[in-house]
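Student: okay, predicted coordinates and the sequence, questions at the end:
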Amino acid sequence: MLTKSRKSQLAGGTGTSDDALQGSGTVWAAELVDGAAAEDPRIGLPAVAALKTVLAQLEAVQVDRARRLGWSWQEIADRLGVTKQTVHRKYAVQDAVLAALRARR
């Protein structure tokens with residue numbers, strides 16, 4: 001459940017996802033889901049923004065893992081429910097940079 005202090009923290013921020021993630025640590029997913037469902041948009045909107053940020057980061061991590069395991073762009077796209085071109089456009093640079101960094105080790 002979203003605590004009163006967390007509600008206050010979410011409502012008092014500037015509305016960015018960073019505001020929702022600051023404080024005494026990472027806002028837990030359950031708290032964010034609670035916040036996203038809040039009646040008060042001052043709480044709900046920052047929680048939604050924070051969830052979007054967390055999901056984007058998780059997606060990037062999983063795409064990287066899949067590529068390291070040898071998955072094709074098509075396999076990744078199929079699992080994400082998007083086109084191969086969409087995934088490639090979004091992650092090809094990240095993939096190349098991370099591969100180059102790994103090669104230097």
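Tutor: Happy to help now that I have it.

Student: immediately after the helix or strand bottoming out on mean pLDDT in the chain, which helix or strand?
Tutor: In the chain, the helix or strand scored least confidently by mean pLDDT, DSSP states H and E is helix 17-21, which has a mean of 44. Once the chain leaves helix 17-21, the next helix or strand it forms, by DSSP states H and E, is helix 29-36.

Student: give me the low-pLDDT residue ranges for this structure?
Tutor: Low-confidence segments of the chain, defined by pLDDT under 70: 1-27.

Student: one more time with 80, if that's ok
Tutor: 1-29 (pLDDT under 80).

Student: how big is the angle separating the longest helix along it from helix 29-36?
Tutor: The residue-count maximum for a helix in the chain (DSSP state H) belongs to helix 41-68. Comparing the axes of helix 41-68 and helix 29-36 via axes from the mean of the first three to the mean of the last three C-alpha atoms, to 10 degrees yields an angle of 140 degrees.

Student: packing partners for helix 41-68?
Tutor: Where contact means 3 or more C-beta pairs under 8 Å, 6 or more residues apart in numbering; DSSP states H and E, helix 41-68 is packed against helix 4-12, helix 17-21, helix 29-36, helix 73-80, helix 84-104. C-betas here are computed from N, CA, C, even on glycine.

Student: right, so of those, which gets closest to Leu58?
Tutor: Closest to Leu58 of the helices and strands packed on helix 41-68, according to C-beta to C-beta: helix 29-36, at 10.0 Å.

Student: now do the closest one: distance to the chain's middle.
Tutor: 14 Å (C-alpha atoms, centre = their mean, to the nearest Å).

Student: got it, and stretch 89-96?
Tutor: 16 Å.

Student: how much space separates Asp78 from Leu51?
Tutor: Asp78 sits at a distance of 24 Å from Leu51 (criterion: C-beta to C-beta, to the nearest Å).

Student: more crowded one of the two?
Tutor: Leu51 (18 against 14; other C-beta atoms under 10 Å).

Student: check contacts around the residue nearest to that one when sequence neighbours are not counted.
Tutor: Leaving aside its sequence neighbours, Leu51 sits nearest to Leu32 (C-beta to C-beta, 6 or more residues apart in numbering; 5.0 Å). Going by C-beta atoms under 8 Å, 6 or more residues apart in numbering, Leu32 touches 20, 47, 50-51, 54.
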